[in-house]
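Undergrad: predicted structure and sequence below. I'll ask about it afterward.
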Amino acid sequence: MAVKIVAGADHAGFVLKQSIIERLRAAGYDVVDLGTSSDASVDYPVFAHAVAARVESGEAERGLLVCGSGIGMCMAANRHPGVRAADCLTVEMAELSRRHNDANVLCLGARLLGTDEAWAVIEAWLAAPFEGGRHERRVAEIDGLAADAKD
(Lines give C-alpha, C1' and ligand atoms only; values in the text may rest on other atoms or scores of the structure.)
Protein backbone atom coordinates (compact mmCIF):
# COMPACT_ATOMS: atom_id res chain seq x y z
CA MET A 1 0.00 0.00 0.00
CA ALA A 2 1.35 3.41 -0.97
CA VAL A 3 2.17 6.03 1.64
CA LYS A 4 -0.63 8.62 1.74
CA ILE A 5 0.65 12.17 1.57
CA VAL A 6 -1.43 15.33 1.85
CA ALA A 7 0.04 18.39 0.19
CA GLY A 8 -0.65 22.08 0.37
CA ALA A 9 0.92 25.35 -0.69
CA ASP A 10 0.32 29.04 -0.82
CA HIS A 11 0.74 31.16 -3.94
CA ALA A 12 4.54 31.29 -3.59
CA GLY A 13 4.76 27.50 -3.39
CA PHE A 14 2.09 26.62 -5.96
CA VAL A 15 4.36 25.88 -8.94
CA LEU A 16 6.83 23.80 -6.90
CA LYS A 17 3.97 21.89 -5.22
CA GLN A 18 2.49 20.98 -8.60
CA SER A 19 5.83 19.67 -9.84
CA ILE A 20 6.42 17.68 -6.66
CA ILE A 21 2.94 16.15 -6.67
CA GLU A 22 3.47 15.00 -10.25
CA ARG A 23 6.77 13.33 -9.31
CA LEU A 24 5.33 11.77 -6.16
CA ARG A 25 2.40 10.25 -8.05
CA ALA A 26 4.75 8.95 -10.74
CA ALA A 27 6.79 7.31 -7.96
CA GLY A 28 3.65 5.52 -6.68
CA TYR A 29 2.66 7.71 -3.75
CA ASP A 30 -1.00 8.40 -2.98
CA VAL A 31 -1.11 12.21 -2.92
CA VAL A 32 -4.09 14.36 -1.97
CA ASP A 33 -3.73 17.98 -3.07
CA LEU A 34 -5.42 20.37 -0.65
CA GLY A 35 -4.58 23.50 -2.65
CA THR A 36 -3.98 26.23 -3.49
CA SER A 37 -4.86 25.85 -7.13
CA SER A 38 -3.13 28.91 -8.62
CA ASP A 39 -0.50 31.53 -7.96
CA ALA A 40 -3.13 34.07 -6.81
CA SER A 41 -2.37 35.45 -3.35
CA VAL A 42 -3.74 33.37 -0.45
CA ASP A 43 -3.07 33.03 3.28
CA TYR A 44 -0.62 30.19 3.96
CA PRO A 45 -2.02 29.22 7.41
CA VAL A 46 -5.24 27.99 5.79
CA PHE A 47 -3.32 25.34 3.86
CA ALA A 48 -0.91 24.52 6.69
CA HIS A 49 -3.81 23.83 9.05
CA ALA A 50 -5.66 21.75 6.44
CA VAL A 51 -2.63 19.51 5.86
CA ALA A 52 -1.72 19.28 9.55
CA ALA A 53 -5.29 18.37 10.53
CA ARG A 54 -5.22 15.36 8.20
CA VAL A 55 -1.88 14.19 9.58
CA GLU A 56 -3.06 14.83 13.15
CA SER A 57 -6.20 12.72 12.59
CA GLY A 58 -4.24 9.87 10.99
CA GLU A 59 -6.04 10.30 7.67
CA ALA A 60 -2.61 10.71 6.06
CA GLU A 61 0.77 9.38 7.11
CA ARG A 62 2.75 12.36 5.90
CA GLY A 63 2.23 15.97 4.93
CA LEU A 64 4.01 18.28 2.54
CA LEU A 65 3.76 22.07 2.70
CA VAL A 66 5.34 24.63 0.37
CA CYS A 67 5.47 28.39 0.76
CA GLY A 68 8.11 31.03 0.04
CA SER A 69 10.47 30.04 2.85
CA GLY A 70 8.74 27.08 4.53
CA ILE A 71 8.90 28.91 7.85
CA GLY A 72 5.33 30.15 8.14
CA MET A 73 3.87 26.82 7.06
CA CYS A 74 6.06 25.04 9.60
CA MET A 75 4.99 27.32 12.43
CA ALA A 76 1.29 26.86 11.66
CA ALA A 77 1.50 23.09 11.19
CA ASN A 78 3.33 22.62 14.48
CA ARG A 79 0.31 24.03 16.35
CA HIS A 80 -1.39 20.64 15.84
CA PRO A 81 -0.87 17.90 18.44
CA GLY A 82 1.17 15.01 17.10
CA VAL A 83 2.39 16.97 14.11
CA ARG A 84 6.14 17.34 13.88
CA ALA A 85 6.76 19.64 10.94
CA ALA A 86 10.30 20.37 9.78
CA ASP A 87 11.43 23.11 7.42
CA CYS A 88 14.27 21.51 5.47
CA LEU A 89 16.66 23.05 2.97
CA THR A 90 19.10 20.16 2.59
CA VAL A 91 19.09 16.40 2.24
CA GLU A 92 20.89 16.11 5.59
CA MET A 93 18.25 18.21 7.36
CA ALA A 94 15.50 16.04 5.86
CA GLU A 95 17.19 12.80 6.89
CA LEU A 96 17.82 14.01 10.44
CA SER A 97 14.28 15.33 10.80
CA ARG A 98 13.05 11.78 10.15
CA ARG A 99 15.77 9.78 11.91
CA HIS A 100 15.87 11.83 15.11
CA ASN A 101 12.57 13.73 15.25
CA ASP A 102 10.13 11.45 13.40
CA ALA A 103 8.99 14.45 11.34
CA ASN A 104 5.67 13.71 9.69
CA VAL A 105 5.26 16.99 7.80
CA LEU A 106 7.92 18.39 5.48
CA CYS A 107 7.96 22.13 4.77
CA LEU A 108 9.83 23.55 1.81
CA GLY A 109 10.72 27.04 0.68
CA ALA A 110 10.01 27.58 -3.00
CA ARG A 111 12.06 30.78 -3.01
CA LEU A 112 15.04 28.91 -1.56
CA LEU A 113 15.04 25.58 -3.42
CA GLY A 114 14.96 24.68 -7.08
CA THR A 115 12.76 21.82 -8.25
CA ASP A 116 15.58 19.27 -8.36
CA GLU A 117 16.93 20.35 -4.95
CA ALA A 118 13.45 20.09 -3.45
CA TRP A 119 12.97 16.65 -4.98
CA ALA A 120 16.26 15.42 -3.47
CA VAL A 121 15.13 16.69 -0.04
CA ILE A 122 11.76 14.94 -0.42
CA GLU A 123 13.31 11.66 -1.52
CA ALA A 124 15.65 11.69 1.47
CA TRP A 125 12.81 12.56 3.84
CA LEU A 126 10.57 9.80 2.55
CA ALA A 127 13.35 7.19 2.59
CA ALA A 128 14.79 7.87 6.04
CA PRO A 129 13.33 5.78 8.87
CA PHE A 130 12.78 6.96 12.42
CA GLU A 131 15.63 5.48 14.47
CA GLY A 132 13.67 5.15 17.70
CA GLY A 133 15.80 4.33 20.73
CA ARG A 134 16.84 7.39 22.70
CA HIS A 135 14.97 9.54 20.17
CA GLU A 136 11.60 8.04 21.17
CA ARG A 137 11.73 9.73 24.56
CA ARG A 138 12.66 13.04 22.97
CA VAL A 139 9.84 12.85 20.45
CA ALA A 140 7.45 12.11 23.32
CA GLU A 141 8.77 15.24 25.03
CA ILE A 142 8.16 17.26 21.85
CA ASP A 143 4.60 15.96 21.85
CA GLY A 144 4.27 16.86 25.55
CA LEU A 145 3.91 13.24 26.62
CA ALA A 146 7.01 12.82 28.79
CA ALA A 147 6.84 13.88 32.40
CA ASP A 148 10.52 14.25 33.06
CA ALA A 149 13.31 15.20 30.69
CA LYS A 150 16.67 13.50 31.16
CA ASP A 151 19.85 13.24 29.11
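TA: Ah, there it is. Remember, predicted model here, so these are calculated numbers, not experimental data.

Undergrad: tell me how far the residue nearest the centre of the chain lies from residue 137.
TA: Closest to where the C-alpha atoms of the chain average out (Cα atoms, centre = their mean) is residue 106, at 1.9 Å. Distance from residue 106 to residue 137, counting by Cβ to Cβ, to the nearest Å: 23 Å. Every residue, glycine included, has its C-beta placed from N, CA and C.

Undergrad: ok, residue 62 - how many residues close by?
TA: By other Cβ atoms under 10 Å, the residues close to residue 62 number 22.

Undergrad: report pLDDT for it.
TA: Turning to residue 62, the model gives it a pLDDT of 98.

Undergrad: spit out the contact partners of it.
TA: 3-6, 55, 104-106, 126 (Cβ atoms under 8 Å, 6 or more residues apart in numbering).

Undergrad: return the subset of those lying in strands.
TA: Cross-referencing the contacts of residue 62 against strands under DSSP state E gives 4-6, 105-106.

Undergrad: output the lowest mean pLDDT helix or strand found in this structure.
TA: The weakest-scoring helix or strand in the chain, judged by mean pLDDT, DSSP states H and E, is helix 134-142 (a mean of 93).

Undergrad: and that one, what does it pack onto?
TA: In terms of contacts (3 or more Cβ pairs under 8 Å, 6 or more residues apart in numbering; DSSP states H and E), helix 134-142 is packed against no helix or strand at all.

Undergrad: hey, where'd the strands end up in this protein?
TA: According to DSSP E, the strands that the chain contains are 4-9, 30-33, 62-67, 85-87, 105-109.

Undergrad: next, the angle from the first one to strand 105-109.
TA: In this structure, strand 4-9 runs at an angle of 30 degrees to strand 105-109, with axes from the mean of the first three to the mean of the last three Cα atoms, to 10 degrees as the basis.
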